[in-house]
Structures are given as structure tokens and as C-alpha cells.
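J.: take this sequence and fold it.
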Amino acid sequence: QLKLVESGGGLVQPGGSLRLSCVASGFTSTTYAIGWFRQITEKEREGVSCISAQGRWTPYADSVKGRFTISRDAAKRTVYLEMSNLRPEDTAIYYCAAAARVVGCMTDVGEYDVWGQGTQVTVSS
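T.: Next comes the predicted model:
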């Protein structure tokens, strides 16, 4: 059974950078797209970005375009979210999730079946 674990969150000043990691474990023959989402308490979970199984499709939310970069290392079974020029409004719990999908990806919460536990990102001076 596929399991996802996020890491890399923390406290950073505005304008700073962080790299989040999402490591997949557990045997599976299914091809997965991976998405990054974030949630502020009592608000809906927001799609940030996703990456297709082959890494060719990487859409971003408008709020993070030009600041965040998603990538995947198949050998390490890891997907990264590089975040730069962070703003206080980026503060949230960040989750990665997997969707069984051969081509493309979407940042709709309902598309994803397996979720990590989340990692807190706080942007504050």
C-alpha cells in the first residue's frame, strides 16, 4: 500500500526559501501523479501544484507561479516543492497526495486517494 511522508517545513522569514519533500513508500505497480496542497485552519484545502507520473506536466496555482517549483526524482521516489520568495500568506500546513493517473495531473482535492500527514510552513518575521 502506498504511503507518503512529507518533510522540510519550518519557520522562515518573508522572502526566504524552503524545500519540501514527499517520499513515497510501499510497493505499487500503479502509476501516480503527485500533488501538493495547503490548508489554513478552517479553510478549504488549496491545490498548489502537481506533477505527472513522467514529470512532463507541472501546473501551478496563480498565487505561487514564479515562486514555487515542483520536481520529482523517480529513483528516490521523492517529489520536491521548492518554495522561494515566501510570503506570510503562504503560511499553512502543506500536504502531498497521490492520484492514480498515467497522463497529466490536476490540483483538485477529489482526484487524490492517498495523503501524507502534512508539514507546517510558517512565514513570519
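
J.: only C-alpha atoms from now on, for both contacts and neighbour counts.
T.: Noted.

J.: this structure: strands as residue ranges?
T.: Using DSSP state E, the strands found in the chain span residues 3-7, 10-12, 18-25, 32-39, 46-51, 68-73, 78-83, 92-100, 114-115, 119-123.

J.: can you put the ones you listed in TSV and add mean neighbour count and mean pLDDT?
T.: TSV is the format used below for the strands of the chain (neighbours: other Cα atoms under 10 Å; pLDDT from 0 to 100):
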stretch	mean neighbour count	mean pLDDT
strand 3-7	20	96
strand 10-12	16	98
strand 18-25	20	96
strand 32-39	25	96
strand 46-51	25	96
strand 68-73	18	96
strand 78-83	20	97
strand 92-100	24	96
strand 114-115	18	96
strand 119-123	20	98
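
J.: looking at these, which is nearest to Pro59?
T.: Ranking the strands of the chain by proximity to Pro59 (Cα to Cα) places strand 46-51 first, at 5.7 Å.

J.: is it possible to get CSV of the strands of the chain that adds distance to Thr107?
T.: Below are those laid out as CSV (distance: least, Cα to Cα, whole Å):
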stretch, distance to Thr107
strand 3-7, 17
strand 10-12, 23
strand 18-25, 16
strand 32-39, 6
strand 46-51, 5
strand 68-73, 13
strand 78-83, 14
strand 92-100, 10
strand 114-115, 13
strand 119-123, 18
